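Visitor: Task: produce atomic coordinates for the following.
(chains A and B)
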There are 2 protein chains.
Amino acid sequence: MRVYLAGPDVFLPQAEVWAERRKAICARHGLIGVSPLDALTDEPAAGTDLPEWRVIALRNEALIRSVDALIANLTPFRGPSADVGTACEVGFMHALGRPVFGYATTAVPFTRRTREYAAAHGGAVAAPDGTWRDADGMLIEQFGLGDNLMLEAAIMDSGGQLIVEDIPAEARWTDLSVFERCVEAAAASLRATRA
Amino acid sequence: MRVYLAGPDVFLPQAEVWAERRKAICARHGLIGVSPLDALTDEPAAGTDLPEWRVIALRNEALIRSVDALIANLTPFRGPSADVGTACEVGFMHALGRPVFGYATTAVPFTRRTREYAAAHGGAVAAPDGTWRDADGMLIEQFGLGDNLMLEAAIMDSGGQLIVEDIPAEARWTDLSVFERCVEAAAASLRATRA
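Guide: Reported below is the predicted structural model:
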């Protein structure tokens, strides 16, 4: 079974090395990891003169269409939420009707992360009804989730799982133990579905 | 033609009032606006005891499946990028093969927004090759786009358009002129496709 490894890890220094480490972990659990950095034998943008960013996106979409499941790194990225490119891929895969798994190297609830972000950016305001709003008056979600409800619901509805665990901040992008727990869960789930 | 109005506008105070204003603008351009806040006659979670957040997500997905196109508010939300829930819906609709349009009330390029965010959160570092990285060493995209490449590529590949324009920060979520430009572009495009 092949799984696409979505996440902002592609922005890490030596991203290819990290992709190989992740693939090795997948292999240990009987899965074939597919990285957004992988080349395709049949490049969807071949013969076109599309700019690099569109070539990358077409390749990622083709890779996602080619796999059995998606594992998304939803660790907060430049703000209280996950990377938007990864979120876009989660929605894409969910619409294809295949399982989406997610993980994050923080277990701090989304509501708390967002309140802290709002407090540091103009202030967070509590209303008498117990809701919180940021400095723009925008409501802060309070569903007890790990991130925006659409992300977590896409995972749950697809039959996947979200695994979160607190890893020290300095190892947030390099510790692969939470990723491995997610791979293990995905492998077990995919085996059960296949059986 | 029916269009789903994705965006973090659902978090605004009196979100229903804003949804009605947006629908009125759609109507002016011959489109039927569908809000994430709309009820469905055939609620997908009816008869289940799913928690509220899953009911909302199932409803949004059903609404998205029911429309001809999606218009996404990609104005930066709590960080340099768009709202992740909206990004998830953009990917979802793109996978359904229908057009996705987007708009933002800032024309500041994504690269500059991200560099400014990084500078304010631990520092942005330039490498000799002209690339920039944040304090975690994560690369800052430099494709001259409005946001992460997956979002803008989803829009372009789907046959949609991205409209950006600088609106003063205090009116970022309430000025509807950029939304209206996007509705106008979507209406023209959908008419042309139908003809």
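Visitor: Okay, buried residues for the top helix by length along chain A please.
Guide: Criterion DSSP state H: the longest helix present in chain A is helix A:177-194. Within helix A:177-194, the residues that qualify as buried are A:Val178, A:Phe179, A:Glu180, A:Cys182, A:Val183, A:Glu184, A:Ala185, A:Ala186, A:Ala187, A:Ser189, A:Leu190, counting by 16 or more other C-beta atoms under 10 Å in any protein chain shown. The C-beta positions use only the backbone N, C-alpha and C, and glycine is treated the same way.
Visitor: Centroid-wise, who is the farthest residue in chain A?
Guide: Distance from the centre of chain A peaks at A:Pro128, with 34.5 Å (C-alpha atoms, centre = their mean).
Visitor: Not counting its neighbours along the chain, what's nearest the residue in chain A that chain B sits nearest to?
Guide: Relative to chain B, the nearest point of chain A is A:Gly79 (2.6 Å; C-beta to the nearest C-beta). Excluding the flanking residues, the one nearest A:Gly79 by C-beta to C-beta, 6 or more residues apart in numbering or on different chains is B:Gly79, at 2.6 Å.
Visitor: For that neighbour, give its distance to A:Leu31.
Guide: As for B:Gly79, its distance to A:Leu31 is 32 Å (criterion: C-beta to C-beta, to the nearest Å).
Visitor: Which of the two has more residues huddled nearby?
Guide: Neighbour tally, B:Gly79 and A:Leu31, criterion other C-beta atoms under 10 Å in any protein chain shown: the higher count belongs to A:Leu31, 24 against 21.
Visitor: And the more buried one, how close does it get to A:Asn60?
Guide: Separation of A:Leu31 from A:Asn60 (C-beta to C-beta): 19 Å.
Visitor: Now do the strands in chain A.
Guide: Per DSSP state E, chain A carries strands over the ranges A:2-6, A:32-34, A:69-73, A:100-104, A:125-126, A:132-133, A:162-164.
Visitor: What mean pLDDT does the first one get?
Guide: The pLDDT scores in strand A:2-6 average 98.
Visitor: Flag every buried residue along that strand.
Guide: Within strand A:2-6, the residues scored as buried using 16+ other C-beta under 10 Å are A:Val3, A:Tyr4, A:Leu5, A:Ala6.
Visitor: and the gap between the closest residue to A:Leu145 other than its chain neighbours and A:Phe143?
Guide: Counting by C-beta to C-beta, 6+ apart, A:Leu145 lies nearest to A:Glu152, which is 4.8 Å off, once chain neighbours are set aside. Computed with C-beta to C-beta, the distance linking A:Glu152 and A:Phe143 is 8 Å.
Visitor: how about the helices in chain A?
Guide: Using DSSP H, the helices of chain A run over residues A:15-28, A:52-66, A:84-95, A:110-120, A:149-157, A:177-194.
Visitor: Please work out which of these is packed deepest.
Guide: helix A:84-95 (a mean of 29; mean count of other C-beta atoms under 10 Å in any protein chain shown).
Visitor: The lowest-mean-pLDDT helix or strand in chain A packs against which elements?
Guide: Sorting the helices and strands of chain A by mean pLDDT, DSSP states H and E puts strand A:125-126 at the bottom, at a mean of 94. The contact analysis (3 or more C-beta pairs under 8 Å, 6 or more residues apart in numbering or on different chains; DSSP states H and E) places strand A:125-126 against strand A:132-133.
Visitor: touching chain B at all, stretch A:101-112?
Guide: No. Using C-beta under 8 Å from any C-beta of the partner chain, stretch A:101-112 never reaches chain B; the gap is at least 10.1 Å.
Visitor: What are the buried residues along that stretch?
Guide: Buried residues in stretch A:101-112, counting neighbours by 16+ other C-beta under 10 Å, are found at A:Phe101, A:Gly102, A:Tyr103, A:Ala104, A:Thr105, A:Thr106, A:Pro109, A:Phe110, A:Thr111.
Visitor: Pull the contacting residues for A:Lys23.
Guide: A:Lys23 makes contacts with A:Leu5, A:Ile32, A:Gly33, A:Ser35, as judged by C-beta atoms under 8 Å, 6 or more residues apart in numbering or on different chains.
Visitor: Identify the bridge partners of the residue most central in space within chain A.
Guide: By C-alpha atoms, centre = their mean, chain A has its centre lying nearest to A:Ala72, at 2.7 Å. Note on A:Ala72: beta-bridge partners by DSSP bridges are A:Ala6, A:Gly102.
Visitor: Hmm, A:Ala6 and it touching each other?
Guide: Yes. Here A:Ala72 reaches A:Ala6: they are 4.4 Å apart, a contact under C-beta atoms under 8 Å.
Visitor: Brilliant, that's me finished.
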